[in-house]
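In: Next come a sequence and a model predicted from it.
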Amino acid sequence: MDIIERPGSVTAPARPDGGAEGNTRLTSLVGMVLLVLFAAEGVTILSVRRLLVVHVVVGIVLIAPVLLKTATTGYRFVRYYRGSAPYVRKGPPHPVLRVLGPVVIASSLAVLGTGVALLAVTPATAGLLLFAHKASFVGWGAVMTVHVLGHLKEAIVSSWRDVRATALAGRARRLVLVASVLVVGVVVTVAVLPAATAWTTR
């Protein structure tokens, strides 16, 4: 699909959210948070029976940041293919990363979705659901490795710019939004964790 910018267009005033660059910084910020949380979740896999409570807690906290990152990347996708000039100028990701993007989102939602669903059953009745959770984690790990390597440098640079308060509209809003999804994750964890006693008290 060809993207055509209209000649002679007037430069739009600065957006209060930072526009396309603000979207990049928000995506990078939440991406770095997810990297830390997923790394912590990966560590629990090494001794999942002993660290099952931590595994469940981190898994629930992950849900809100994953949804936020899905929203920010989806928004960039829509703006780019609708021909928004700032997003067109930033360009699309590398073709390989563009193809992997939907797979990363789908596999992340599959891992988290099956994990949450497991809380509604007992270890004795988990069966295929537990298998699906493990299988989706393996698939997620493979695509996420490529995804992280492809985006890590940009994510570090962009998120660091916001943390260091480099002037760009919407910085406070972005930091508050990322902090808010973490707070939501903690609140949801506190509400949901009692339902996991069949797993956490084994």
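Out: Looks like it came in fine. Residues are numbered from 1 along each chain as shown.
In: drop to CA atoms for contacts and neighbour counts, all remaining ones
Out: Fine.
In: helix, strand or coil for the nearest residue to K90 once chain neighbours are set aside?
Out: Nearest residue to K90, sequence neighbours excluded (C-alpha to C-alpha, 6 or more residues apart in numbering): A20, at 7.7 Å. In three-state terms, and counting by DSSP: H, G, I helix; E, B strand; the rest coil, A20 is helix.
In: before we move on, what about G83?
Out: With three-state DSSP as the basis, G83 sits in coil.
In: What helices and strands are in contact with the longest helix anywhere in the chain?
Out: Longest helix in the chain, counting residues (DSSP state H): helix 127-163. Other helices and strands packing on helix 127-163, by 3 or more C-alpha pairs under 8 Å, 6 or more residues apart in numbering; DSSP states H and E, are helix 19-45, helix 95-118.
In: which one of these is the most hemmed in?
Out: Compared across these, helix 19-45 shows the largest average neighbour count, a mean of 19 (mean count of other C-alpha atoms under 10 Å).
In: by how many degrees do it and helix 127-163 diverge?
Out: Counting by axes from the mean of the first three to the mean of the last three C-alpha atoms, to 10 degrees, helix 19-45 lies at 130 degrees to helix 127-163.
In: Show me what helix 19-45 is packed up against.
Out: Using 3+ C-alpha pairs under 8 Å, 6+ apart: helix 19-45 touches helix 52-81, helix 85-90, helix 127-163, helix 171-192.
In: who wins for proximity to T200 among those helices?
Out: helix 52-81 (5.5 Å; C-alpha to C-alpha).
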